[in-house]
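J.: predicted coordinates and the sequence they were generated for:
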Protein chains: 2
Amino acid sequence: MGTVSKALGLLDFLSRSDAPLGLTELARLSAFDKATTRRLLLELVANGFVEQDPDSRGYALGPALQMLGRAREGRFPLFRTCQPFVRALAEKTGETVHATEYCAGALVSVCIELSVRTIRVNLDHGQKLPLHATASGFAFLAASAPAFAENCLKKPLTGFTSKTPSSREALLQVIAETRARGYSISSQTFEDGVHSVGAAICDNAGKPVGAIALAMPVARATAVSTAEYGLLTRHAADEISHKLFGRRPGSALRKAS
Amino acid sequence: MGTVSKALGLLDFLSRSDAPLGLTELARLSAFDKATTRRLLLELVANGFVEQDPDSRGYALGPALQMLGRAREGRFPLFRTCQPFVRALAEKTGETVHATEYCAGALVSVCIELSVRTIRVNLDHGQKLPLHATASGFAFLAASAPAFAENCLKKPLTGFTSKTPSSREALLQVIAETRARGYSISSQTFEDGVHSVGAAICDNAGKPVGAIALAMPVARATAVSTAEYGLLTRHAADEISHKLFGRRPGSALRKAS
DNA sequence: CCAGTTGTTTCATTATTTGAACCATTGGTG
DNA sequence: CACCAATGGTTCAAATAATGAAACAACTGG
C-alpha cells in the first residue's frame, strides 16, 4: 500500500469519529506505527487536511476538505440536484429515502431524508454501503459494465445477515433480476428488518455514478408497496440522471462501455 | 517534501481548474515527473479523492472530498454559521463581504456575499488570501500568538501592489495599528483599487480561526465609511465567534498563549 | 502515412519511509 | 509527594517505496 493511501486512510478514521482522536488511538485504529502515524498526520496538517487542537492534542478533519468539497460540489452538484427528488419521494411515500454516490468501492450516502413515522429506518451521513448487500448496490451493479461487476464479484462477499447474497451465483441472479425488473429489491440483505428498493443514477454513457434508494421497516413492506415504491424510485433516479447529465430516461439499465 | 504533500498538492491544482486536467498538463503544473504524477493520481483515484473520466482521461476532484467536507461541516459548521452574518453585513452596507478560514498558511474564503452595486469587488470561492497583504490577514495576524506571527514574518513577504507591506517593520506596524484600532484596514495592499476592512474570528482561547472582511472599490472609501464599516465588521466577527464557540465578545484582540 | 502529442510501463538509482527504542509530559493514586 | 501508567513526541540505522529517464503504445490531425 502506498504512503498516500495510508495518509488518506487516516482521514477516513477521523471522519468516522465524532470527537478528535489522539495519536495512540489513531495509530491503533490504523495499525500503523506511532511514529509513522504522526509523520503522516503532520503532513496532513501542513496541508490543511487535518487540524490539531493545541491543548487536547487531538486530531480532526481540517478545513481544506471543506474547500475542496465545495469546489467539487460546484462542478458536479450531486447533492443540490438530488435533494429535491429525495425529499419529494420521502414525502410522497412517508419512508426514508437516500441518494448515494460511488466512491472507492462502495456507495456513500450523499443526501438523506428520514421518514416521519415513529418506526422508520435510520441512516447516518457518509455511511458506506457495500455494493453486494444493499438495494443501492444491486441497482448500481445491474447498471455497471460487466467488467466492473465481475471485478466486484472477485472480492470476498461479506455476509451481513443470513440473507446477504454471499455466493457469486446468488449475486449474479440478484443482478439479473434487478435488470429485468427495472429497480432493485433488498429484503434484509444488509440489516435485519430493513426492506428497500433502489435504482441507479447514470451518466450520458449509461455508466452508473450512484443510486437512490427507499428503505422501510420490513413490517410495512408488501408486494404491492414494494412494486409501487420501486417504480417511483426508478422514476426519481431517471429524473436525477436527466437533470445531472441531460440523459434521456429509459435506458438506465443498459450499459455502454 | 513528503510524498503525501505532493499528492495533496495535485488536488490543489485540480481545484483551481474548472475542467478536468490531463496527465501531462498536471505534470507540468506540479513540476513532477509524468510517471510520478500518474502514480500519485492513481492512488488518489483508488481512494476516491480524484476521479478520471474514462473517455477524456482527464482527472478531476473526486467524491471523497465531498463526503469528508460534509463530515467536517457537520462538526464545525463554519459556513452555516457565517452565512447569515455575512449576508446581513453585505445587505446593510451594500458592499462585498466574505468570511475566511485559516488553512495551511493562508486564509481561504468560506462564504462570499457580493455587493449588488454595478461597481463592486468580485471574489472567487476558495481563493487563497495571503496573511501579510489582506485585511483578513492583518486581522488574523493581529489576533495570533506572537510566535505564530513571528513565524509568518520569516517567510518572504511577496509584494502584490506597491502598497503591500513587504518589510518586517512595515508589517509589524500594520499589526500593531490593527490591534489598537480593533479592526484591520487594507488599502490596496493586495489588489489595486480594492479597499477593505476586516476582523478576526476567534475560538474560546482567543486563537483566531479565520476572519470576516468587507471590500469596496477605493473610490467609495472615505475615513468615515471605513470607520463605520470597520466597527460593523468587528461586531459581526465577535458575533460569529460567540455563536461558534460561545465566546464572550470584546476580548477578540487579546491572544492567549 | 507520418509527425506530434499524450498516456503508460519499466527498472536501476535514490531518497523516503519505517519502527523499535527512548524521552517528555501529563494525570491519576496510595 | 513520589510513583506509576498512559500518552504524545523524537531519533536513527535498516528497509522499503518513490523517483525519473527512457522506451513504448495509443491516438490525433494533417
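T.: Everything's here; your move.

J.: average pLDDT for the longest helix along chain A?
T.: As assigned by DSSP state H, the longest helix anywhere in chain A is helix A:223-245. The average pLDDT within helix A:223-245 is 96.

J.: hmm, who's touching it?
T.: Helix A:223-245 is contacted by residues A:76-78, A:81-82, A:85-86, A:88-89, A:92-93, A:95, A:97, A:99, A:139, A:181-185, A:195, A:197-204, A:209, A:211-214, A:216, A:247-250, A:252 when judged by Cβ atoms under 8 Å, 6 or more residues apart in numbering or on different chains. Backbone N, C-alpha and C define where each C-beta goes, glycine included.

J.: buried residues in it?
T.: By 16 or more other Cβ atoms under 10 Å in any protein chain shown, the buried positions in helix A:223-245 come out as A:225-226, A:229-230, A:232-244.

J.: may I have that helix as CSV, with CA atoms only?
T.: Taking C-alpha atoms only, helix A:223-245 is exported to CSV below (Å, rounded to 0.1, in the frame of the first residue of the first chain):
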residue,chain,number,x,y,z
ALA,A,223,-45.6,-6.9,-2.7
VAL,A,224,-47.8,-4.0,-3.8
SER,A,225,-45.9,-1.3,-1.9
THR,A,226,-42.6,-2.7,-3.0
ALA,A,227,-43.6,-2.5,-6.6
GLU,A,228,-45.1,0.9,-6.3
TYR,A,229,-42.2,2.4,-4.5
GLY,A,230,-39.7,0.6,-6.7
LEU,A,231,-41.2,2.3,-9.8
LEU,A,232,-41.3,5.7,-8.0
THR,A,233,-37.6,5.2,-7.1
ARG,A,234,-36.7,4.2,-10.6
HIS,A,235,-38.5,7.3,-11.9
ALA,A,236,-36.7,9.6,-9.5
ALA,A,237,-33.3,8.1,-10.5
ASP,A,238,-34.1,8.7,-14.1
GLU,A,239,-35.1,12.3,-13.4
ILE,A,240,-31.9,12.9,-11.4
SER,A,241,-29.8,11.4,-14.2
HIS,A,242,-31.5,13.6,-16.7
LYS,A,243,-31.0,16.7,-14.6
LEU,A,244,-27.4,16.0,-14.0
PHE,A,245,-26.3,14.8,-17.4
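
J.: please indicate which of the contacts of helix A:223-245 are buried?
T.: For these, a burial check counting by 16+ other Cβ under 10 Å picks out A:76, A:78, A:81-82, A:85-86, A:89, A:93, A:95, A:97, A:99, A:139, A:181-185, A:195, A:197-203, A:209, A:211-214, A:216, A:247, A:252.

J.: in helices only, show me these.
T.: A:78, A:81, A:82, A:85, A:86, A:89, A:93, A:139, A:181.

J.: pick out the residue of chain A closest to chain B.
T.: Proximity of chain A to chain B (Cβ to the nearest Cβ) peaks at residue A:69, 2.3 Å away.

J.: what residues does chain A put near DNA strand C?
T.: Within chain A, the positions near DNA strand C by Cβ under 7 Å from any atom of the strand are A:3, A:6, A:32, A:33, A:34, A:35, A:36, A:39, A:40.

J.: could you rerun that using 6 Å?
T.: Counting by Cβ under 6 Å from any atom of the strand, the positions of chain A adjacent to DNA strand C are A:3, A:6, A:32, A:33, A:34, A:35, A:36, A:39.

J.: quick one, what contacts the third one?
T.: Each residue near residue A:32 by Cβ under 8 Å, 6+ apart is listed here: A:6, A:40.

J.: packing partners of the lowest-mean-pLDDT helix or strand in chain A?
T.: None of the helices or strands of chain A scores lower by mean pLDDT, DSSP states H and E than helix A:146-154, at a mean of 88. Where contact means 3 or more Cβ pairs under 8 Å, 6 or more residues apart in numbering or on different chains; DSSP states H and E, helix A:146-154 is packed against helix A:135-143, helix A:168-181.

J.: and the ones in helices among the buried ones among the contacts of helix A:223-245 near chain B, which?
T.: The subset of those within reach of chain B, by Cβ under 8 Å from any Cβ of the partner chain, is residue A:78.

J.: closest to residue A:112 among the ones in helices among the buried ones among the contacts of helix A:223-245?
T.: Among these, residue A:86 lies closest to residue A:112 (Cβ to Cβ), at 7.5 Å.

J.: and the gap between that closest one and residue A:38?
T.: 41 Å (Cβ to Cβ, to the nearest Å).

J.: thanks again, I'm all set now.
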